[in-house]
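A.B. asks: curious how this folds, go ahead:
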Amino acid sequence: MHDALVTILDDEPEIRQILTDVLQDAGFRTQSFARAREFEASLKRQTPDVCLVDLSLPDTDGLALVHRLALERGAAVIIISGRAQVQDRITGLELGADDYITKPFDPAEVVARIRARLRTGARSAAQGSTTAQFNGWTAHFDRYLLEDGDGQETAFSHAEGEVLRLFLESPKRLISRAQMQEALGGAAGESFDRAMDVRVSRLRTKLREDPKNPRLIKTIYGAGYIFLGDVRWN
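C.D. replies: Prediction:
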């Protein structure tokens, strides 16, 4: 975990320096960028373990960038933004971010949130299996793809993959909101609950579920979710 690479994208030099210092003191490798263009060019050379992304960027729409990162890269994405409104937080999480930290922030909290994301990833890696089959579907967690019985592939984001893996590791058991929050990290509250609802909705769409009567991912109102598929890990 301590060899993990964290990239920082923020146009404020002071913020970049604060984050670089605290992360390096905590044992992480870091790279920092002031412009999205330089940041995205670096992604072609290597994929970091965690990306810290500010939303207010001078050369691109931060939310659009977060969405691309979530869909195209295997890195966890944490938004660090001065936009403190609940709707901004919800939108960021809906678009695929794994966590959302508002400015001004406590540097120690940033380190704690990054470690929580990496622990989640380490638990997944420790399971050993990267492919699961269920009800005519195959989930490829190494490639972030769902494959149907005809070989048609649909991409899912890092955040959606964490929720799917949680379901597939505990089939036919109720998973409460509290269990999801504990397993996936992030701050509890309205924005977390909303983000989970959106991720589950998107997974249902990708699994071609009937939204009014889903067969695989059932909502147990007031309690949580239950995954009803028959799962085999490879």
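A.B. asks: can you mark which positions in stretch 135-145 are buried?
C.D. replies: Neighbour counts over stretch 135-145 (16 or more other CB atoms under 10 Å) mark Trp137, Thr138, Ala139, His140, Phe141, Tyr144 as buried. Placement of C-beta: from N, CA and C, glycine included.
A.B. asks: and the next helix or strand past the helix or strand where Ala116 lies?
C.D. replies: For Ala116, the host element (DSSP states H and E) is helix 107-126. As assigned by DSSP H and E, the chain's next helix or strand after helix 107-126 is strand 131-134.
A.B. asks: and the next element down the chain from that next one?
C.D. replies: Assigned by DSSP H and E, the successor of strand 131-134 is strand 137-140.
A.B. asks: on contacts alone, who are the packing partners of that next one?
C.D. replies: Packed against strand 137-140 by the contact rule (3 or more CB pairs under 8 Å, 6 or more residues apart in numbering; DSSP states H and E) you find strand 131-134, strand 145-147, helix 158-169.
A.B. asks: can we see that at 10 Å?
C.D. replies: If contacts are counted by 3 or more CB pairs under 10 Å, 6 or more residues apart in numbering; DSSP states H and E, strand 137-140 sits against strand 131-134, strand 145-147, strand 153-155, helix 158-169, strand 231-233.
A.B. asks: just the residues contacting that strand, thanks.
C.D. replies: 130-133, 145-149, 151, 153-154, 156, 161, 164-165, 167-168, 203, 206-208, 216, 229, 231-234 (CB atoms under 10 Å, 6 or more residues apart in numbering).
A.B. asks: per-domain residue ranges of the chain.
C.D. replies: With domains defined by automatic domain parsing, the chain comprises 5-125, 128-233.
A.B. asks: tell me which of those domains is the most buried.
C.D. replies: A comparison of those by mean neighbour count, using mean count of other CB atoms under 10 Å, puts domain 5-125 on top with a mean of 18.
A.B. asks: how about the helices in the protein?
C.D. replies: Ranges of helices in the chain, per DSSP state H, are 13-25, 36-43, 62-72, 86-94, 107-126, 158-169, 177-184, 190-206.
A.B. asks: for Ile79, find the nearest of those helices.
C.D. replies: helix 86-94 (4.6 Å; CB to CB).
A.B. asks: let's test this: mean pLDDT of the closest one, rounded?
C.D. replies: For helix 86-94, the mean per-residue pLDDT is 80.
A.B. asks: just checking, what packs against it?
C.D. replies: Partner elements for helix 86-94 (3+ CB pairs under 10 Å, 6+ apart): helix 62-72, strand 76-81, strand 99-102, helix 190-206.
A.B. asks: okay, that helix in CSV with CA atoms only?
C.D. replies: Provided in CSV are the C-alpha atoms of helix 86-94 (Å, rounded to 0.1, in the frame of the first residue of the first chain):
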residue,chain,number,x,y,z
VAL,A,86,-24.8,18.3,-1.5
GLN,A,87,-25.9,18.3,-5.2
ASP,A,88,-22.3,18.7,-6.4
ARG,A,89,-21.2,15.9,-4.1
ILE,A,90,-24.1,13.7,-5.4
THR,A,91,-23.3,14.5,-9.0
GLY,A,92,-19.6,13.7,-8.6
LEU,A,93,-20.4,10.3,-7.0
GLU,A,94,-23.1,9.6,-9.6
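A.B. asks: quick one: it to helix 158-169, angle?
C.D. replies: Taking axes from the mean of the first three to the mean of the last three CA atoms, to 10 degrees, one finds helix 86-94 and helix 158-169 inclined to each other by 70 degrees.
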